[in-house]
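Peer 1: Generate a structure from the sequence data that follows.
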Amino acid sequence: MNQEWNWEPLSPSLSICVSRQHKFGTDAVLLSDFAQRCCGLSFPQTIACDLGTGCGIIPLLWYRHSANHPLKTWCVDIQPQAIAQLNATLARFPIPGIQPVEADLKELEGRIPLHSCHLVTCNPPYKKQGAGILSEGEPAQTARHEIHCTIEDIAETARSLLREGGRFCLCQRPERLADVLEAMRKNRIEPKRLRFVQKNGSSPPWLFLAEGRLGGRPFLQIEAPLLMEDEPGKPSREIERIYTQSKAL
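Peer 2: Purely as a prediction, here's the structure:
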(Lines give C-alpha, C1' and ligand atoms only; values in the text may rest on other atoms or scores of the structure.)
Protein backbone atom coordinates (compact mmCIF):
# COMPACT_ATOMS: atom_id res chain seq x y z
CA MET A 1 0.00 0.00 0.00
CA ASN A 2 1.42 3.37 -1.04
CA GLN A 3 2.08 5.54 2.04
CA GLU A 4 0.58 8.55 0.24
CA TRP A 5 -2.74 6.75 -0.16
CA ASN A 6 -5.47 7.23 2.43
CA TRP A 7 -8.88 5.77 3.18
CA GLU A 8 -12.06 7.81 3.24
CA PRO A 9 -15.28 6.19 4.52
CA LEU A 10 -18.30 6.09 2.22
CA SER A 11 -20.47 3.96 4.51
CA PRO A 12 -19.97 1.79 7.62
CA SER A 13 -18.99 -1.11 5.33
CA LEU A 14 -17.05 0.64 2.56
CA SER A 15 -14.10 3.05 2.31
CA ILE A 16 -12.39 4.40 -0.78
CA CYS A 17 -8.66 4.67 -1.44
CA VAL A 18 -7.75 8.29 -2.24
CA SER A 19 -4.56 10.22 -2.85
CA ARG A 20 -3.50 13.76 -3.61
CA GLN A 21 -3.50 12.87 -7.31
CA HIS A 22 -6.76 10.92 -7.37
CA LYS A 23 -9.48 12.05 -4.98
CA PHE A 24 -13.02 13.29 -5.49
CA GLY A 25 -15.13 16.38 -5.12
CA THR A 26 -18.74 17.46 -4.81
CA ASP A 27 -19.35 17.28 -8.56
CA ALA A 28 -18.71 13.52 -8.66
CA VAL A 29 -20.99 12.91 -5.68
CA LEU A 30 -23.80 14.90 -7.31
CA LEU A 31 -23.35 13.10 -10.63
CA SER A 32 -23.48 9.70 -8.94
CA ASP A 33 -26.82 10.55 -7.35
CA PHE A 34 -28.19 12.16 -10.53
CA ALA A 35 -27.36 9.10 -12.64
CA GLN A 36 -28.74 6.64 -10.08
CA ARG A 37 -32.05 8.47 -9.94
CA CYS A 38 -32.40 8.63 -13.72
CA CYS A 39 -32.46 4.81 -13.77
CA GLY A 40 -35.01 4.57 -10.96
CA LEU A 41 -36.36 1.14 -10.10
CA SER A 42 -34.46 -0.51 -12.97
CA PHE A 43 -31.09 0.33 -11.42
CA PRO A 44 -30.44 -3.21 -10.07
CA GLN A 45 -30.71 -4.58 -13.65
CA THR A 46 -28.40 -1.92 -15.09
CA ILE A 47 -25.13 -2.56 -16.92
CA ALA A 48 -23.11 0.64 -16.46
CA CYS A 49 -19.80 2.18 -17.47
CA ASP A 50 -18.04 5.10 -15.79
CA LEU A 51 -15.59 6.86 -18.11
CA GLY A 52 -12.59 8.59 -16.51
CA THR A 53 -13.46 6.92 -13.23
CA GLY A 54 -10.41 8.16 -11.28
CA CYS A 55 -10.47 6.54 -7.84
CA GLY A 56 -13.87 5.05 -8.69
CA ILE A 57 -15.99 7.35 -6.56
CA ILE A 58 -19.08 7.45 -8.80
CA PRO A 59 -19.66 3.67 -8.99
CA LEU A 60 -18.47 3.05 -5.43
CA LEU A 61 -21.20 5.36 -4.17
CA TRP A 62 -23.72 3.20 -6.03
CA TYR A 63 -22.42 0.06 -4.33
CA ARG A 64 -21.96 1.44 -0.81
CA HIS A 65 -25.30 -0.11 0.17
CA SER A 66 -26.44 -3.52 -1.02
CA ALA A 67 -30.07 -2.56 -1.59
CA ASN A 68 -29.82 -0.78 -4.94
CA HIS A 69 -26.84 -0.89 -7.29
CA PRO A 70 -26.10 -1.86 -10.91
CA LEU A 71 -25.71 -5.47 -11.91
CA LYS A 72 -22.26 -4.65 -13.36
CA THR A 73 -20.15 -1.52 -13.80
CA TRP A 74 -17.09 -1.07 -15.98
CA CYS A 75 -14.70 1.58 -14.56
CA VAL A 76 -12.42 3.07 -17.20
CA ASP A 77 -9.38 5.27 -16.69
CA ILE A 78 -6.20 5.86 -18.69
CA GLN A 79 -4.08 6.56 -15.59
CA PRO A 80 -2.42 3.52 -13.98
CA GLN A 81 -2.40 4.99 -10.47
CA ALA A 82 -6.13 5.69 -10.59
CA ILE A 83 -6.85 2.06 -11.48
CA ALA A 84 -4.33 0.88 -8.86
CA GLN A 85 -6.21 2.83 -6.19
CA LEU A 86 -9.52 1.36 -7.33
CA ASN A 87 -8.00 -2.11 -7.24
CA ALA A 88 -6.74 -1.41 -3.70
CA THR A 89 -10.27 -0.47 -2.67
CA LEU A 90 -11.68 -3.66 -4.22
CA ALA A 91 -8.97 -5.77 -2.58
CA ARG A 92 -10.05 -4.53 0.84
CA PHE A 93 -13.77 -4.34 0.03
CA PRO A 94 -14.56 -6.90 -2.69
CA ILE A 95 -17.41 -5.84 -5.00
CA PRO A 96 -17.92 -8.45 -7.73
CA GLY A 97 -19.99 -6.07 -9.88
CA ILE A 98 -17.18 -3.54 -10.39
CA GLN A 99 -14.69 -4.21 -13.19
CA PRO A 100 -11.69 -1.79 -13.49
CA VAL A 101 -10.37 -1.18 -17.01
CA GLU A 102 -7.07 0.62 -17.55
CA ALA A 103 -7.47 1.99 -21.08
CA ASP A 104 -7.89 5.04 -23.26
CA LEU A 105 -11.64 5.59 -23.53
CA LYS A 106 -11.22 6.07 -27.28
CA GLU A 107 -9.86 2.50 -27.57
CA LEU A 108 -12.36 0.32 -25.73
CA GLU A 109 -13.32 -2.01 -28.55
CA GLY A 110 -12.47 -5.53 -27.38
CA ARG A 111 -12.29 -4.38 -23.75
CA ILE A 112 -15.98 -3.70 -23.14
CA PRO A 113 -18.80 -5.22 -25.23
CA LEU A 114 -20.17 -2.57 -27.57
CA HIS A 115 -23.84 -1.58 -27.24
CA SER A 116 -24.06 -3.44 -23.92
CA CYS A 117 -24.66 -0.62 -21.42
CA HIS A 118 -27.88 0.84 -20.11
CA LEU A 119 -25.99 3.73 -18.50
CA VAL A 120 -22.73 5.58 -19.18
CA THR A 121 -21.45 8.28 -16.83
CA CYS A 122 -18.57 10.71 -17.04
CA ASN A 123 -17.17 13.52 -14.91
CA PRO A 124 -15.07 14.93 -17.78
CA PRO A 125 -12.19 17.38 -17.98
CA TYR A 126 -13.72 20.85 -17.68
CA LYS A 127 -11.15 22.89 -19.62
CA LYS A 128 -11.30 22.90 -23.41
CA GLN A 129 -8.13 22.17 -25.35
CA GLY A 130 -5.85 25.23 -25.23
CA ALA A 131 -8.03 27.07 -22.70
CA GLY A 132 -6.94 28.18 -19.24
CA ILE A 133 -3.71 27.78 -17.32
CA LEU A 134 -2.45 24.21 -17.41
CA SER A 135 -2.61 22.49 -14.02
CA GLU A 136 0.57 21.26 -12.36
CA GLY A 137 1.27 17.53 -12.63
CA GLU A 138 0.06 15.00 -15.18
CA PRO A 139 -2.83 13.59 -13.08
CA ALA A 140 -4.33 17.05 -12.55
CA GLN A 141 -3.83 17.95 -16.21
CA THR A 142 -5.57 14.76 -17.33
CA ALA A 143 -8.49 15.32 -14.97
CA ARG A 144 -9.02 19.02 -15.68
CA HIS A 145 -7.94 19.61 -19.28
CA GLU A 146 -8.94 17.95 -22.55
CA ILE A 147 -5.51 16.43 -23.14
CA HIS A 148 -6.33 12.78 -23.73
CA CYS A 149 -9.95 13.23 -24.79
CA THR A 150 -12.50 15.89 -25.74
CA ILE A 151 -16.21 16.08 -25.00
CA GLU A 152 -16.74 14.88 -28.58
CA ASP A 153 -14.60 11.80 -27.88
CA ILE A 154 -16.55 11.08 -24.71
CA ALA A 155 -19.93 11.37 -26.43
CA GLU A 156 -18.76 9.15 -29.28
CA THR A 157 -17.57 6.50 -26.82
CA ALA A 158 -20.84 6.71 -24.89
CA ARG A 159 -22.74 6.14 -28.14
CA SER A 160 -20.65 3.06 -28.93
CA LEU A 161 -21.23 1.54 -25.46
CA LEU A 162 -24.92 2.29 -25.02
CA ARG A 163 -27.82 0.12 -26.01
CA GLU A 164 -30.57 1.86 -27.97
CA GLY A 165 -32.48 3.92 -25.43
CA GLY A 166 -29.57 3.85 -22.98
CA ARG A 167 -28.72 6.89 -20.89
CA PHE A 168 -25.63 9.08 -20.81
CA CYS A 169 -25.14 11.26 -17.72
CA LEU A 170 -22.38 13.79 -17.15
CA CYS A 171 -21.56 17.01 -15.33
CA GLN A 172 -19.79 20.09 -16.68
CA ARG A 173 -19.24 23.78 -16.11
CA PRO A 174 -22.06 26.02 -17.45
CA GLU A 175 -19.77 27.67 -19.99
CA ARG A 176 -19.45 24.28 -21.74
CA LEU A 177 -23.20 23.67 -22.04
CA ALA A 178 -23.39 24.36 -25.77
CA ASP A 179 -20.39 22.10 -26.42
CA VAL A 180 -21.96 19.25 -24.45
CA LEU A 181 -25.37 19.45 -26.11
CA GLU A 182 -23.80 19.68 -29.56
CA ALA A 183 -21.57 16.64 -28.93
CA MET A 184 -24.49 14.61 -27.61
CA ARG A 185 -26.77 15.32 -30.55
CA LYS A 186 -23.97 14.70 -33.04
CA ASN A 187 -23.82 11.16 -31.62
CA ARG A 188 -27.60 10.52 -31.56
CA ILE A 189 -27.76 11.11 -27.80
CA GLU A 190 -30.78 13.34 -27.35
CA PRO A 191 -30.57 15.67 -24.30
CA LYS A 192 -33.51 14.79 -22.06
CA ARG A 193 -32.82 16.30 -18.64
CA LEU A 194 -30.80 19.28 -17.44
CA ARG A 195 -30.22 20.56 -13.93
CA PHE A 196 -28.08 23.46 -12.77
CA VAL A 197 -26.27 23.45 -9.43
CA GLN A 198 -26.07 26.72 -7.48
CA LYS A 199 -24.65 27.73 -4.12
CA ASN A 200 -27.98 29.41 -3.28
CA GLY A 201 -31.05 30.85 -4.97
CA SER A 202 -29.41 34.16 -5.84
CA SER A 203 -26.06 32.88 -7.14
CA PRO A 204 -25.25 31.83 -10.71
CA PRO A 205 -24.80 28.10 -11.41
CA TRP A 206 -21.29 26.63 -11.09
CA LEU A 207 -22.16 23.19 -12.50
CA PHE A 208 -24.79 21.44 -14.55
CA LEU A 209 -25.93 17.82 -14.65
CA ALA A 210 -27.22 16.46 -17.95
CA GLU A 211 -28.89 13.24 -19.09
CA GLY A 212 -29.20 12.17 -22.71
CA ARG A 213 -30.83 9.11 -24.29
CA LEU A 214 -29.46 7.26 -27.30
CA GLY A 215 -32.05 7.52 -30.06
CA GLY A 216 -34.44 9.53 -27.90
CA ARG A 217 -37.02 11.95 -29.24
CA PRO A 218 -36.40 15.70 -28.84
CA PHE A 219 -37.69 16.96 -25.50
CA LEU A 220 -35.51 18.61 -22.87
CA GLN A 221 -36.74 18.92 -19.30
CA ILE A 222 -35.15 21.71 -17.27
CA GLU A 223 -35.35 20.77 -13.60
CA ALA A 224 -35.42 23.07 -10.61
CA PRO A 225 -31.87 24.06 -9.63
CA LEU A 226 -30.03 22.04 -7.02
CA LEU A 227 -29.13 24.43 -4.22
CA MET A 228 -26.10 23.70 -2.09
CA GLU A 229 -27.43 25.89 0.76
CA ASP A 230 -30.93 26.77 1.98
CA GLU A 231 -29.42 29.19 4.48
CA PRO A 232 -25.92 30.73 4.55
CA GLY A 233 -23.47 28.13 5.78
CA LYS A 234 -26.12 25.40 6.11
CA PRO A 235 -26.39 22.53 3.58
CA SER A 236 -29.73 22.24 1.86
CA ARG A 237 -31.98 19.30 2.66
CA GLU A 238 -31.25 17.75 -0.72
CA ILE A 239 -27.49 18.02 -0.24
CA GLU A 240 -27.87 16.43 3.19
CA ARG A 241 -29.83 13.60 1.57
CA ILE A 242 -27.21 13.09 -1.14
CA TYR A 243 -24.36 12.98 1.36
CA THR A 244 -26.11 10.89 3.98
CA GLN A 245 -24.96 7.33 4.61
CA SER A 246 -28.52 6.22 5.31
CA LYS A 247 -29.94 3.26 3.41
CA ALA A 248 -32.66 5.61 2.26
CA LEU A 249 -30.28 7.01 -0.36
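Peer 1: Next, the distance between the ends of stretch 65-73.
Peer 2: One end of stretch 65-73 sits 15 Å from the other (C-alpha to C-alpha, to the nearest Å).
Peer 1: Repeat that for stretch 59-75.
Peer 2: Length of stretch 59-75, first residue to last, C-alpha to C-alpha: 8 Å.
Peer 1: got it, and stretch 111-121?
Peer 2: Using C-alpha to C-alpha, one end of stretch 111-121 lies 17 Å from the other.
Peer 1: just how off-centre is that stretch within its chain?
Peer 2: Distance, stretch centre to chain centre, for stretch 111-121: 14 Å (C-alpha atoms, centre = their mean, to the nearest Å).
Peer 1: List the contacts of His69.
Peer 2: 43-44, 62-63, 97 (C-beta atoms under 8 Å, 6 or more residues apart in numbering). For glycine as for every other residue, the C-beta is placed from the backbone atoms N, C-alpha and C.
Peer 1: Can you flag which of those residues belong to helices?
Peer 2: Those of the contacts of His69 mapping onto helices are Trp62, per DSSP state H.
Peer 1: buried subset of the contacts of His69?
Peer 2: Buried residues within these, counting neighbours by 16 or more other C-beta atoms under 10 Å: 43, 62-63.
Peer 1: closest to Asn123 among these?
Peer 2: Using C-beta to C-beta, Trp62 comes nearest to Asn123 of the buried ones among the contacts of His69, at 13.9 Å.
Peer 1: so how far is His69 from that closest one?
Peer 2: Going from Trp62 to His69 by C-beta to C-beta, to the nearest Å gives 5 Å.
Peer 1: Name the helix or strand of this protein that has the lowest mean pLDDT.
Peer 2: Between all helices and strands in the chain, the lowest mean by mean pLDDT, DSSP states H and E belongs to helix 138-144, at a mean of 50.
Peer 1: who's in contact with His76?
Peer 2: Just to correct that, residue 76 is Val rather than His. Contacts for Val76 (C-beta under 8 Å, 6+ apart) come out as 49-53, 101, 103, 105, 108, 112.
Peer 1: Quickly name whichever of the residues you listed is closest to Glu8.
Peer 2: Using C-beta to C-beta, those come closest to Glu8 at Thr53, 15.8 Å.
Peer 1: Now do the phi/psi pair for that closest one.
Peer 2: Phi and psi for Thr53, reported as degrees, to the nearest 10, are phi -70, psi -20.
Peer 1: which residue sits closest to it, ignoring its sequence neighbours?
Peer 2: Excluding its sequence neighbours, the residue lying closest to Thr53 (C-beta to C-beta, 6 or more residues apart in numbering) is Cys75, at 4.0 Å.
Peer 1: mind checking how far that neighbour is from Phe34?
Peer 2: In this view, Cys75 and Phe34 are 18 Å apart by C-beta to C-beta.
Peer 1: of the two, who's got more company?
Peer 2: Cys75 (26 against 22; other C-beta atoms under 10 Å).
Peer 1: after the helix or strand harbouring that one, next one along is what?
Peer 2: Secondary-structure assignment from DSSP states H and E places Cys75 in strand 72-77. Proceeding N to C from strand 72-77, the next assigned helix or strand is helix 80-92, under DSSP H and E.
Peer 1: how about that next one: buried residues?
Peer 2: Buried residues in helix 80-92, counted by 16+ other C-beta under 10 Å: 81-90.
Peer 1: Many thanks, we can stop here.
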